[in-house]
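Student: got a predicted structure plus its sequence, pasted below:
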Amino acid sequence: MKKWTLALAGAVIGVIAVLLTVLGNPGNMGFCIACFERDIAGALHLHSAEVVQYMRPEIIGLVLGAFLIAIAKKEFKPQGGSSPVTRFVLGFFVMVGALMFLGCPLRMVLRLGGGDLNAVVGLVGFVAGIGAGVFFLNKGFSLKRTYRQTIAEGAWLPVINVAFFALLVAFPSVLIFSTSGPGASHAPIWISLLAGLVVGAIAQRTRLCMVGGIRDVLLFKDWTLLCGFVAIIVVALIGNLIAGKFLFGFAGQPVAHTDGVWNFLGMTLVGFGSVLLGGCPLRQLILSGEGNADSSISVVGMLLGAAFCHNFKLASSGEGPTANGKIAVIIGLVVVTVIAVVYTFNKKKAKAETPAVPVA
């Protein structure tokens with residue numbers, strides 16, 4: 001993929017993200033995988049935090065956009081079976097870290113474009129987490145191989161998202177909708193769905209992944225994937241200036257807090273866990289649209305992680321992190337480190353115990 005192609009893709013995503021905020025989404029939240037999955041969990045009665053409950057069409061569109069373009073390009077290839085329970089746990093703790101920071105890597109980039117300096121602190125932590133993950137990759141970390149799956153297995157998450165949209169437009173009474181707070185701030189349904197479809201298709205074709213971009217820089221000195229995210233920042237910055245939504249500084253940022261230590265550690269957990277999963281939360285959604293059942297398990301882990309965070313007061317707010325959230329992030333860093341060590345050690349042990357093949 002050429003750098004200019006990634007830059008163009010990022011520019012389009014940046015424009016769409018700013019437009020979504022102008023049309024009603026919360027500030028610096030044209031797209032946020034973590035926040036939107038949290039809202040969906042609330043809409044599905046999985047948590048009772050009244051201000052963050054809405055069936056976000058953007059997430060539905062991301063999965064279906066990737067699914068449709070993968071079908072069209074004959075890239076829908078159902079596969080899975082690579083340590084599914086471990087992937088669920090990693091997805092769960094990635095969400096814990098993201099809701100400590102109040103945003104996924106994509107929203108972190110959009111917050112940078114909106115002038116939020118707290119996102120700079122988060123970015124440093126994110127890079128540190130990816131660096132930790134790269135260390136284990138270099139030592140041989142692997143979640144084992146995947147296997148071909150049935151079409152039905154690969155299509156489950158796209159089908160579920162079609163059902164979610166049907167509930168939203170035809171049976172909204174079975175869902176819960178916020179009447180105040182971030183969950184009550186949203187662009188029109190059909191515009192949000194279209195935005196998700198377009199970004200999902202773009203992300204599928206370009207393989208956009210913030211984690212992958214930084215990982216490639218650290219491993220191969222390859223800046224190609226990062227070009228897309230640099231373009232998102234630049235275009236979001238320009239768009240926010242034009243729309244009058246640019247606010248430079250730490251204080252007063254929309255849906256954000258100023259506790260630097262926990263912004264750093266939250267995104268460290270996101271970066272570390274995402275490297276082990278093989279992609280950021282956005283990439284997990286796109287891969288699930290391509291039929292990757294392992295990524296679908298990771299997405300389910302994130303969804304239930306979001307519900308758990310709000311049911312047990314782990315998620316931060318504009319007032320800052322909670323005591324429970326701090327404990328959960330520390331536990332998450334320990335658990336992810338243990339997973340990294342165990343899977344690295346097991347691979348080395350298996351390799352050492354493999355008998356040599358006699359030479360004829």
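Tutor: Thanks, I have the structure now.
Student: measure Trp4 to Thr224 for me?
Tutor: According to CB to CB, to the nearest Å, Trp4 and Thr224 sit 10 Å apart. No exception for glycine: its C-beta is placed from N, CA and C like everyone else's.
Student: these two: which is more packed in?
Tutor: Set Trp4 next to Thr224 and count neighbours by other CB atoms under 10 Å: Thr224 wins out with 19 against 10.
Student: ok, the closest residue to the more buried one other than its chain neighbours - contacts?
Tutor: Once flanking residues are discounted, Thr224 sits nearest to Lys3: 5.4 Å by CB to CB, 6 or more residues apart in numbering. Contact analysis of Lys3 by CB atoms under 8 Å, 6 or more residues apart in numbering lists 223-224, 227.
Student: for Trp190, same thing?
Tutor: Each residue near Trp190 by CB under 8 Å, 6+ apart is listed here: Pro57.
Student: same deal with the one 3 residues further on?
Tutor: The neighbourhood of Leu193, defined by CB under 8 Å, 6+ apart, consists of 57-58, 60-61, 165.
Student: quick check, pLDDT for Pro345.
Tutor: Just so we're on the same page, residue 345 is Phe rather than Pro. Turning to Phe345, the model gives it a pLDDT of 87.
Student: again, but for Ala350
Tutor: pLDDT at Ala350 comes out at 56.
Student: averaged pLDDT, stretch 130-137. What do you get?
Tutor: For stretch 130-137, the per-residue pLDDT averages 98.
Student: list of residues touching it?
Tutor: Applying CB under 8 Å, 6+ apart, the external contacts of stretch 130-137 come out as 141, 211, 214-215, 218-219, 268, 271-276, 337, 340-341, 344.
Student: also stretch 77-93?
Tutor: Contact partners of stretch 77-93, identified using CB under 8 Å, 6+ apart, comprise 143-151, 153-155, 269, 273, 276-277, 284, 290-302, 304-305, 308, 332, 335-336, 339, 343.
Student: buried set for it?
Tutor: Buried positions in stretch 77-93, judged by neighbour count with 16 or more other CB atoms under 10 Å: 78-80, 82-84, 86-93.
Student: what's the spacing between that stretch and its chain's center?
Tutor: Relative to its chain's centre, stretch 77-93 lies at 14 Å (CA atoms, centre = their mean, to the nearest Å).
Student: show me where the stretch 251-360 of the chain has helices.
Tutor: Remark: helices assigned in the stretch 251-360 of the chain by DSSP state H, counting those that start in this stretch are 260-277, 281-289, 293-311, 323-353.
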